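Colleague: Next comes the sequence, and after it the predicted model I'd like to discuss.
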Amino acid sequence: MAEVTVLQLAERLSIPPDRLLQQMKDAGLPHQEQGDAINDDQQSQLLTHLRGVHGESPKPRNKITLKRRETSTLRAGRSTVNVQVRKKRTIVRKPVEPEPVEEPVLEEPEAPVVEAADVVAQTEAPEVADVLPETAEAEESPVEEATPEAPAAEPEEAAEPEEVEAEAEPEAAEAPVEEAPTEEAEEPVPAEDVEVAEPEVAEAPTPVEAEVAKPVAEAPPSKRKIDFANVEALRRAAHAEAVAETERRKEETKRKAQELADKKAAEEAKRQAAADVAAAKRQQEAERERRELEESKVSDRKDRRDRHDLDEGDKENKVSGGAGRRRGAAGRRKNELAHLLDDVDNVPSVPGKRTLGLRAGGRARRAAAPLRKVSVQGFNAPTADIKREVEVGEAITIAQLSQKMSVKAGDLIKTLMSLGTMANINQMIDQDTAVLLVEEYGHTVKLIDADAAEKELEESVIYEGEGVSRAPVVTVMGHVDHGKTSLLDYIRQASVVDGESGGITQHIGAYRAATKHGEICFIDTPGHAAFTAMRARGADCTDVVVLVVAADDGVMPQTEEAVQHAKGAEVPIVVAVNKMDVEGADPERVKNELAARDVIPEEWGGDTQFIQVSAMTGEGIDDLLEAILLQAELQELTAVPDGPATGVVLESQLDKGRGVVATLLVQNGTLKQGDIVVAGQEHGRVRAINDESGKKIKTAGPSTPVSILGLSSPPGAGDSFLVATDDKKAREVAQLRSDKANDARLSANAPASLDNLLENFGAPGAQFLNVVVKADVRGSLEAITSSLLALGNDEVKVNVVGSGVGAITETDANYAITADAVIFGFNVRADNAARKLIEREGLDLRYYKVIYDIVDDVRDALSGMLSPEVREEIVGIAEVRQVFSSRKLGQIAGCMVTEGTVSRNKKIRVLRDNVVIYEGELESLRHFKEEVADISRGSECGIGVRNYNDVREGDQIEVFDTREVARAL
């Protein structure tokens, strides 16, 4: 045993430290303070002293106790329990049998000795019972309680832990046979298995045998003959001493018995109360445990086979349990183990409880080892309201806010309704509304900046070094068919117009042209009205705008729009008056029309250069390039090539062989192969860089248009891009931008208030034309989508249920089937799987190359969905001159046809003082008592009105016809 302090030993023995120090002082030990250490020898010395104080003499030990501890795992429902089984085996050495004594006188002293021993045993037994409950470890040592001759020591003496490892050595004549010492406690360290050489276990000697054997063993072998007078005197003296000692101990026993009874009663009441609580708890959880055990029955069996020590433990339990105990008992104990572990902390120890019994055969049968105490942690509900710090951004959904506040979403919706706002769980609410909700529930609001990560990424882009001159970025803008692309073709000495469908530009094209005046980066934009967003993006990322105007056509709507974009971006304009070789060219007309729109030529005192050019003959091309470079020189365009690249996305598409292809314009820094790029809501590593002619390059400097591969999805045209330091930061920023776009889309569906809910109640619903649009590039897709959504009115609208870049896939066809939509393909085709599905389902699939055709077809389809317009046409008017009565027809109006023709079975109106008082049909039309089909102007007739008898003289009967007229947008 390791050294312990006086305080630790006192706590283990459950006695005051001062009392223990006094006993150690009486035993001759030098300890004065509670922190002094005590070794094993000193503890043995203290134990010997205490035994001597109580009248006991040291005796050789006659028992060997073997301990074994086994650990197994049981599964009860969803919980796993570690069970530790402790076993103890005591081997009692047989006492030395004395040789037969010839003198029969030795048998006479047995009676008084037995009587004295019985009295001593009876007086000592209660003391042992009183000592054992003083320590918490007494229940784990059943051997001591089974021995009636346990030494009646003080509580600190009885609780002294000892490991009995050696047998008692018999002393022939000097040491008498000593009774087995009691083992008070069991150390938690697992005992090693000890092999015992003696195969038989003998019974412990009874007190009678011990007392009889004592004088025999004390007699030396050489002195066999005893003086009977001395023996009788010794016997009487011992008897008198025993009787006196018995009387003294009886009084002490009565006092301790009364104290023990009171203590037992209190502990029994406490145990009973704990048992009642545990029983109630088990009753509540019994049903749940039963269901869980039934569900996990199969898995429990498998876990039982896989458990490495459980089979051996079951065998030991069967042996110790006896032949009459079956396997079902172990299973039942397993099912009840969870309840026992819950109750073990509340069940007090029972003083004097025996855990070792004797069977009829004489062998010791051990009871189940006591369970280790398990601390069961329970959850205590908070007694006060928890105040949280809720982070609120610019916009947040009800679901996100409820999760941050730990409040049910239904409660938040009810609170919003009480504030006059209708919203669902996925509805976006603004920051002010969210703050009101958070404060309504008593939490603290923390306003956060949703762009913090994006700003951090932008701030990480640092350029070091001096700026160098760069090539100007020039955007060519103008009306459709005014010769923008033809002008660029002449400058680049290439033919791009022939490759464009319909002879018009439908994509943003970026080119870098080397002229004798220097390099210039040109951006060609479409001139069609649908490509307004493209022209706006071109103006935002350019240095100079070249406005192309046809000399024979003048200023057109898209020309005026280009002027507005250039002025909005504060970019200088150079006007190229094209088609000067065409007959009827009038450059002065162009100057006058542009001057009316605040574009003043230099000749008139303005700051705009007007250059007359011809894309066919090359007239004025050099002058145009000089004017462009002059504007660039005035702006002093510079860029820092050393650093991460930043710029703008001009176009993007999904190529079947290469994947996502994005056209970028590098505005600053240098783009390298392998850089991590964040473009809008997409990110990725640059796998390849190609210039405008398709050649692979490794780097791209400022004012260089390139196409890259490696992005996750096609980014939006016009999105800015930059190079991130690591992939984690790029992914975070891209996800943040995607969430913001999603929030903006959800915010478009504003929460319905009670006011607009009543306004919209009962309004007729609009009809929708569902379409699925697939295009070759992102810019064209945006132009088509915006153009289609602009069509329609309150009655008919276009609903784009699906859109994307790339070929038409089976997923797009499934969208069309679900929404009953029409599929539009712009410069793309359907793959084989999609084509088969479309043919099988009979979907409407249409391919287009020119955006005009898509817009025209959709407009016609929407016009066909409009309800026809009903128009009325007055065919005749008759004036009532006289009213007659008829038995069959009732009142008959005698009329004169004043205008047109009155026909039978036509709808009529009766007007009195030019006010319509009745609308119905003609029932009878007669001319001189003859039924006629119609009567022309100037003739008299009799008119019978169906279901109307209030015709008066002077009324007018208006005959009209209705017809439906198709409507158009």
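Modeller: Nice, I can see it. Numbering: from 1, shown residues only.
Colleague: hmm, who's touching the lengthiest strand in the chain?
Modeller: For the chain, the strand with the greatest residue count under DSSP state E is strand 869-886. Residues from elsewhere that reach strand 869-886 (CB atoms under 8 Å, 6 or more residues apart in numbering): 891-903, 906, 937, 940-944, 951-967. Where you see a C-beta, it was placed from the backbone N, CA and C, and this is true even at glycine.
Colleague: I'd like the list of those residues that fall within strands, please.
Modeller: Reading strands off these with DSSP E, I get 891-900, 902-903, 940-944, 956-965.
Colleague: of those, buried ones?
Modeller: 891-895, 897, 900, 902-903, 941-944, 956-960 (16 or more other CB atoms under 10 Å).
Colleague: which stretches of the stretch 301-450 of the chain aren't confidently modelled?
Modeller: Applying pLDDT under 70 to the stretch 301-450 of the chain flags residues 301-384, 450.
Colleague: Kindly recompute the last result at 90.
Modeller: Residue ranges of the stretch 301-450 of the chain with pLDDT under 90: 301-407, 409-412, 414-450.
Colleague: what do you get for the stretch 501-650 of the chain?
Modeller: When residues are selected by pLDDT under 90, those of the stretch 501-650 of the chain lie in 501-545, 550-572, 578-609, 611-650.
Colleague: now the helices for it?
Modeller: Applying DSSP state H, counting those that start in this stretch to the stretch 501-650 of the chain gives helices spanning 532-540, 557-568, 587-595, 621-635.
Colleague: With distance to Ser924 and mean neighbour count added, can I get those in CSV?
Modeller: As requested, those are exported to CSV (distance: least, CB to CB, whole Å; neighbours: other CB atoms under 10 Å):
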stretch, distance to Ser924, mean neighbour count
helix 532-540, 64, 22
helix 557-568, 61, 19
helix 587-595, 68, 17
helix 621-635, 84, 17
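Colleague: closest to Gln84 out of those?
Modeller: With CB to CB, the closest approach to Gln84 among the helices of the stretch 501-650 of the chain belongs to helix 532-540: 75.2 Å.
Colleague: re earlier: possible to save the helices of the stretch 501-650 of the chain as JSON lines with distance to Ser469?
Modeller: Putting the helices of the stretch 501-650 of the chain into JSON lines (distance: least, CB to CB, whole Å) gives the following:
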{"stretch": "helix 532-540", "distance to Ser469": "22"}
{"stretch": "helix 557-568", "distance to Ser469": "23"}
{"stretch": "helix 587-595", "distance to Ser469": "31"}
{"stretch": "helix 621-635", "distance to Ser469": "9"}
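Colleague: Please identify which of these is closest to Val772.
Modeller: Between Val772 and the helices of the stretch 501-650 of the chain, the tightest spacing by CB to CB is seen for helix 532-540, at 20.8 Å.
Colleague: my read: Leu419 touches Asp432, true?
Modeller: No. Using CB atoms under 8 Å as the test, Leu419 is too far from Asp432 to be in contact (11.3 Å).
Colleague: Look at the two and report which has more neighbours.
Modeller: More crowded of Leu419 and Asp432, by other CB atoms under 10 Å: Leu419, with 12 against 9.
Colleague: list the contacts for the more buried one?
Modeller: Thr433, Leu436.
Colleague: switch to numbering from 187
Modeller: Sure, I'll start numbering at 187, so the last one becomes Leu605.
Colleague: Now the phi/psi pair for it, please.
Modeller: Per-residue torsions, Leu605: phi -90, psi 0 (degrees, to the nearest 10).
Colleague: how near is it to Ile582?
Modeller: Here the criterion is CB to CB, to the nearest Å. By it, Leu605 lies 16 Å from Ile582.
Colleague: can you give me the strands for the stretch 837-986 of the chain?
Modeller: 845-854, 857-858, 862-865, 868-876, 882-883, 885-886, 890-897, 906-910, 938-939, 953-961, 982-991 (DSSP state E, counting those that start in this stretch).
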